[in-house]
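# Let me see the structure of the following:
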Amino acid sequence: MLALILRALLAVLCGTLIACSSEDGIDVADRGERDRLYDQAAADYKSGRVNEAVQKLTQAVAIDSDHAETRMLLGRVFLEQSGFSQAKECFEVVLKHQNLEPRDEFLARICLARTLMTPGNVMDLERAVDELERVRKIRAEPRVLLELGKVHFYQGEREEAARLFDEALGRDPSLTRASIQLAALHYLDGDDDAAIRVCQKGLDQRFDDRELEFLLMLAWRRKHGEYPGDLEARYELHPGIERLMDQPARFVEVAKEVGVDLYSGGRGSAWADFDGDGDLDLAAVGNHHANALYRNNGDGTYTDIAKDAGVSEPTDGWGCLFADYDNDGDEDLLVVRAGWEGEKPNSLYQNQGGGKFRDVSTESGIGKLSRSGLGAAWADVDLDGDLDLHIANGVGALLPDGRINSLYRNNGDGTFTEVGEAAGVAHSGAAIGCAFGDYDLDGDPDLYIGQLGSSNVLFRNRGDGTFEEVTAEAGGQQPLRSYVPFFFDFDADADLDIFATNFSIFESFISCRINGSAPTDLDRPALHRNNGDGTFTDITRRAGLSLSFGSMAGNWGDIDNDGFPEIYLGNGGPPMERLEPNALLYNNGDGTFSEITEQTGTGHLGKGHGTSLADFDDDGDLDLYSPNGGYYIGDRWHNALYRNDGGNSRPSIIVECRGVKSNRNGVGAQVFVQMGDRRYLREVSGGQGFGSLSQRAVHCGLGEGATRVERLEVYWPVTKQRQVFENLPVDRYIVITEGEAEPKIREFRGRRADR
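Numbers count the residues shown, from 1 in each chain. Reported below is the predicted structural model:
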């Protein structure tokens, strides 16, 4: 009786029973043990004890590797837990069985197709189509048409996808997922009327589907300019999260106008003056596209010279960072590769001058290891005057390669040595992003790692190039689904706090839109306030940041020059139908934040990734760059550049630190600004967020009515030297060279609209 009950349970879990394999070669005792393990695993799986289920199923497979029933359940478990390679293997084993019942082949093939449709190194959309076409011949159910439509949608074949979604809904009008897919497709095609019609028809079948309500809101707003307007009340979503306030800055989207609207599966971005002509250039990488290197033409426009410069390949960059790793006075370029794609070497391009780069990946040692890199950051971890490099390879923990993070020590001769294990940071968790920052103000860079699916990790630098993990005693573990972190002085108290993004599911994001807060603590980011004694306190809720976003990227900057930095998040997720805007979170200056995305027009919907901030037009305020694009070839978007046109009269300064005995980029130098009784910190960064680099020269807002900078102090960790400057003019670009008594000062070349 127990066996029959558990078999029935498996039918609920998998949709049908899988026929047992031939018992040839399996003796009675082994067969009994296999069945016992299988039955226990099915019970564990039903109760949510996934690890226990996997362990027992693995033992059962070791007894009988060809048992289809065991393999099928194990494949389903792996698929739900993102073990895509293992799931694929299980389903393929099932399909090798001769005399497989049609119903069993149906389930195995549809599960295999879903595995092949998932982002990662097993994705094969063409094969997924083939598997689903075979399934359709067995039984052309509406859910098969839905899955087949999704594959064509992912491939960018929208006409065929729409036809299949329509056919699925014609056979089963209550198939909500087909309505959602079709509505999103129409919205992406700009057909708001069709999107609205599909949403309303779907909601007539099921009134409580919030995804349909959210898509309807997007289409209705774009068509009618207001929401809900005269929309019937039964279709309303009732969003209520944003707090109305005076607009702190005016933004205008100008990416196409200035020439930086890369069309790709947008990934990392980085700003620096790579050609030494005094203005900011831009690198951008993206899935499904060659790297872009935009040279600033000096007239407010950019030209992509990546191919001529020798940095256009490869086409699978995920992060990119400028750094003068060889201390020769010009900016070199790192491209972090692979991400979810599996093992590939990273690329390092040495600046040769004259707009040319040379690929030194292999000879430098950076490209010798093949790992699944994503986030990266430069810092002088051993304080020897040159830049070392940390790369988060934790995507590999979610993929079969399972690689640990890398720390490359700069040997000072153009080469690097991988020293992660010796330095104590060879972490093997699911690390996606990383950031350096001297949180304890002892003069050396500490390391914080964001992880997807487990606690974040804080490593304290011992001062000798090695690290110790201090997360338990210092705090900073949250959130548990983090993509990227960064250090910043959010409360203007002259020490570094930590913000870590969270990747919430879409249902949690929509729930937050309605209720004004994250449904659970698993669905919010984390703001860790530095207590000044080597510990942190999680103040997310009291700061007003208990909000749900599917954040894949994040960065920070003071957009209104009041001295308190804002947070800009790149949001979304792999599903094509997840149309979630980026988010701009305003720092109120009192320890709290407010979301102001809608009123500032900065909420791009296209799967935000490597966000970065820079004063590209040299007018004293920070502009926002948003690389956009999803994982699939059909989910490409144009990158967005939001030019900050002011909206306030507050002055600022931008401080560039040039190292002499320290690294030439000044990475790790600490800039303290004193204005009245307020003293805050800006630390020169070597990269953070989604493998991205904001303008390295630090932007310092000075607040309302400031006419002079009372005190500017720069601390150089390598030499322990402090340079102090007083009574400096405002609205200036200031260059401070290590050891030089006088800074170089110039006016901003651009002109803000409010000046």
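
# In the stretch 351-500 of the chain, where is pLDDT below threshold?
The model of the stretch 351-500 of the chain has pLDDT under 70 over residues 396-403.

# at 80 what do you get?
Across the stretch 351-500 of the chain, the ranges flagged by pLDDT under 80 are 369-372, 394-403, 428.

# Quick one: the helices in it, in order.
Secondary structure of the stretch 351-500 of the chain (DSSP state H, counting those that start in this stretch): helices at 361-364, 395-398, 420-423, 471-474.

# Centre of the chain to the third one, how far?
By that I understand helix 420-423. Offset of helix 420-423 from its chain centre (Cα atoms, centre = their mean, to the nearest Å): 26 Å.

# Same question for the first one.
Taking Cα atoms, centre = their mean, the mean C-alpha location of helix 361-364 is offset from the chain mean by 27 Å.

# Point out the other helices and strands that it packs with.
strand 347-353 (3 or more Cβ pairs under 8 Å, 6 or more residues apart in numbering; DSSP states H and E). Backbone N, C-alpha and C define where each C-beta goes, glycine included.

# So which residues lie in contact with the strand it packs on, not counting its own?
Residues from elsewhere that reach strand 347-353 (Cβ atoms under 8 Å, 6 or more residues apart in numbering): 274, 310-311, 314, 317, 325-326, 328, 330-335, 337, 357-361, 364, 366-367, 414.

# Swap in 7 Å and give it another go.
Contact partners of strand 347-353, identified using Cβ atoms under 7 Å, 6 or more residues apart in numbering, comprise 274, 310-311, 314, 326, 330-335, 337, 357-361, 364, 366-367.

# Look up the residues forming beta bridges with residue 348.
Counting by DSSP bridges, residue 348 is bridged to residue 334.

# Number of residues surrounding it?
Using other Cβ atoms under 10 Å, residue 348 has 26 neighbouring residues.

# how near is it to residue 605?
Using Cβ to Cβ, to the nearest Å, residue 348 is found at 34 Å from residue 605.

# Please apply the same query to residue 252.
Distance of residue 252 to residue 605, computed by Cβ to Cβ: 18 Å.

# So between the two, which is more surrounded?
A direct count of neighbours by other Cβ under 10 Å for residue 252 and residue 605 places residue 605 higher, at 17 against 13.

# Pull out the buried positions in stretch 65-75.
Neighbour counts using 16 or more other Cβ atoms under 10 Å place 66, 67, 68, 69, 70, 71, 72, 73, 74, 75 of stretch 65-75 among the buried residues.

# mind checking the SS state of the nearest residue in space to residue 83 that is not next to it in sequence?
Closest residue in space to residue 83, ignoring its immediate chain neighbours: residue 77 at 7.9 Å, by Cβ to Cβ, 6 or more residues apart in numbering. Judged by DSSP: H, G, I helix; E, B strand; the rest coil, the three-state class of residue 77 is helix.

# Next: residue 216.
Of the three states, residue 216 takes helix under three-state DSSP.

# Enumerate every residue touching it.
Residue 216 makes contacts with 196, 199, 200, 235, as judged by Cβ under 7 Å, 6+ apart.

# need the residues you listed in a markdown table with pLDDT and secondary structure, can you?
Listed next are the contacts of residue 216 as a markdown table, based on pLDDT from 0 to 100; DSSP: H, G, I helix; E, B strand; the rest coil:
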| residue | pLDDT | secondary structure |
| --- | --- | --- |
| 196 | 98 | helix |
| 199 | 97 | helix |
| 200 | 96 | helix |
| 235 | 92 | helix |
